[in-house]
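Peer 1: Could you work out the structure for the sequence below:
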Amino acid sequence: MRKILVPVDFSEYSQVAVEYACQIIESNPEHHELDLAHVFTMRSNMFVNREVNPELVDPQVEIAKKSMKKLIEVIEIKYPTVVCHEIFKDGNLYEEISKVTAAFNYDAVIMGTKGSSGLESVFLGSNTYDVILNSKTPVLAVPKEITVFKKERIGLLCNFKPAEFEALEQAINLLGNNFELVLIHVNKNDETIAVIDERFQAWIEQIIAKTGITNISYTVKSQVLYNRTAENLSHAIDNVIIDEQIDILLVTKSRKSIFRKLVEENIVRKLAYESTIPKFFAKVHATS
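Peer 2: Model prediction:
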C-alpha cells in the first residue's frame with residue numbers, strides 16, 4: 001500500500017495541501033491512499049483535571065471530528081477514486097507527525113504554505129524547519145496560491161551528487177516519471193562551458209539509466225549571482241524557477257547540496273516560506 005500524509009487543521013492552507021494531494025493521486029496510475037492527520041496541540045487548562053474526572057471531554061475534539069468527517073465527505077464527492085483515512089493525535093505537532101511517519105513509509109508529507117508571507121497553520125515556525133531538515137519522509141510544501149497540480153517541468157538543484165538520484169526516485173514514487181526534468185546547476189567553481197557540458201552529458205546518461213526519465217534539459221547559473229548576500233541564493237533560485245517555468249522544484253538534503261548551503265546561511269526558512277511553486281524536500285541517505 002502506498003500513502004500520502006497530509007496534516008490538517010481545517011484552515012485554507014491545509015485545504016490547499018489536501019486538494020493538491022488528491023490531484024496527485026488521481027493523476028498517477030499507481031494510486032496512493034490519503035491519510036489525513038489532525039494533531040490537538042492546544043488544550044484548555046480546564047481539562048488538566050481529566051485524569052481525575054475521565055468524563056471531561058475537550059469540545060475541540062468533537063469539533064475536529066465533525067470537521068474531519070465533512071472534509072472526507074467532500075473529498076469522496078470531488079475525488080471519488082481517492083481513499084481517505086483519518087488520524088487523530090494529541091501532543092506536539094512535529095513530534096506526532098514524526099511518529100506517524102516513522103510507523104509507515106509514506107511517499108510524502110504534503111503541507112500547505114502561505115507563500116510569500118510564510119508558512120502558517122499546518123506547521124508553524126521552527127516546526128516547519130525541523131520537519132524539512134530532519135524528516136525521514138519527503139516533504140512537499142505547496143503555496144496557498146497553487147490550486148492546480150502541474151508537473152510538466154520539474155526542476156532539480158543539481159550538483160552532480162548521488163543524493164540527487166535518491167531525490168529523483170522519491171519524486172517518481174510520488175509523481176510518476178512523465179515530465180521534463182530541468183537540471184539547475186550553480187557554476188561555483190567557474191568551470192568552462194565545455195567542461196560543464198561534458199559533465200552534464202555523463203550525468204544525464206546516468207539519470208536515464210537509473211530513473212527512465214528521458215526528457216532532460218539543463219541550465220547553468222553563474223556563481224556571481226549568489227555571492228553578494230546570503231538572501232541572493234534563495235532569490236536567484238526563485239528567478240530560475242520563473243525563467244524556466246518550473247512547476248515543482250526538487251531539493252536534496254545531502255551534506256554537499258545547495259540545501260546545506262542554505263542551512264549554513266540560515267535562510268532555508270526563506271526558501272521554504274517565500275515559495276512561488278511547490279518544493280519537494282527529499283530525504284537523503286547518501287553522504288555526498
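Peer 1: And the helix or strand harbouring His85, what does it pack against?
Peer 2: If you go by DSSP states H and E, His85 is part of strand 84-90. Contact partners of strand 84-90 among helices and strands, from 3 or more CB pairs under 8 Å, 6 or more residues apart in numbering; DSSP states H and E: strand 33-40, helix 59-78, helix 93-103. Yep, even glycine has a C-beta here, placed from its N, CA and C like the rest.
Peer 1: Can I get that strand as CSV, trimmed to CA atoms?
Peer 2: Taking Å, rounded to 0.1, in the frame of the first residue of the first chain, the C-alpha atoms of strand 84-90 are listed here in CSV:
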residue,chain,number,x,y,z
CYS,A,84,-9.1,8.5,2.8
HIS,A,85,-8.2,7.6,6.3
GLU,A,86,-8.4,9.9,9.4
ILE,A,87,-5.7,10.1,12.1
PHE,A,88,-6.1,11.9,15.4
LYS,A,89,-3.2,12.6,17.7
ASP,A,90,-2.7,14.6,20.9
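Peer 1: Quick one: mean pLDDT over that strand.
Peer 2: Across strand 84-90, the average pLDDT comes to 93.
Peer 1: in that strand, what counts as buried?
Peer 2: By neighbour count with 16 or more other CB atoms under 10 Å, strand 84-90 contains the buried residues 84, 86-87, 89.
Peer 1: and the angle for that strand with strand 33-40?
Peer 2: 20 degrees (axes from the mean of the first three to the mean of the last three CA atoms, to 10 degrees).
Peer 1: List the strands paired with strand 84-90, with their directions.
Peer 2: strand 33-40 (parallel) (DSSP bridges).
Peer 1: How much space separates His85 from Thr192?
Peer 2: 54 Å (CB to CB, to the nearest Å).
Peer 1: cool, Ser217 as well?
Peer 2: From Ser217 to Thr192 the distance is 20 Å (CB to CB).
Peer 1: Quick check on these two: which one has the bigger neighbour count.
Peer 2: Between Ser217 and Thr192, Ser217 has the larger neighbour count (other CB atoms under 10 Å), namely 12 against 9.
Peer 1: looking at the sheet around that one, what are its partners?
Peer 2: Val182.
Peer 1: hang on, isn't it packed against Ile184?
Peer 2: No. At 10.2 Å, Ser217 does not count as touching Ile184 under the criterion of CB atoms under 8 Å.
Peer 1: can you pull out the helices in the stretch 101-250 of the chain?
Peer 2: Counting by DSSP state H, counting those that start in this stretch, the stretch 101-250 of the chain has helices at residues 126-134, 163-175, 193-211, 231-244.
Peer 1: contacting residues around Asp247?
Peer 2: 150-154, 179, 277-278 (CB atoms under 8 Å, 6 or more residues apart in numbering).
Peer 1: From Lys151, how far off is it?
Peer 2: Taken as CB to CB, the span from Asp247 to Lys151 is 6 Å.
Peer 1: Mutual contacts of the two, please.
Peer 2: Shared contacts of Asp247 and Lys151 (CB under 8 Å, 6+ apart): Phe179.
Peer 1: in terms of contact, does Glu26 touch Val82 like I think?
Peer 2: Yes. Using CB under 8 Å, Glu26 is in contact with Val82, at 6.8 Å.
Peer 1: For these two, work out which one has more neighbours and name it.
Peer 2: Set Glu26 next to Val82 and count neighbours by other CB under 10 Å: Val82 wins out with 21 against 14.
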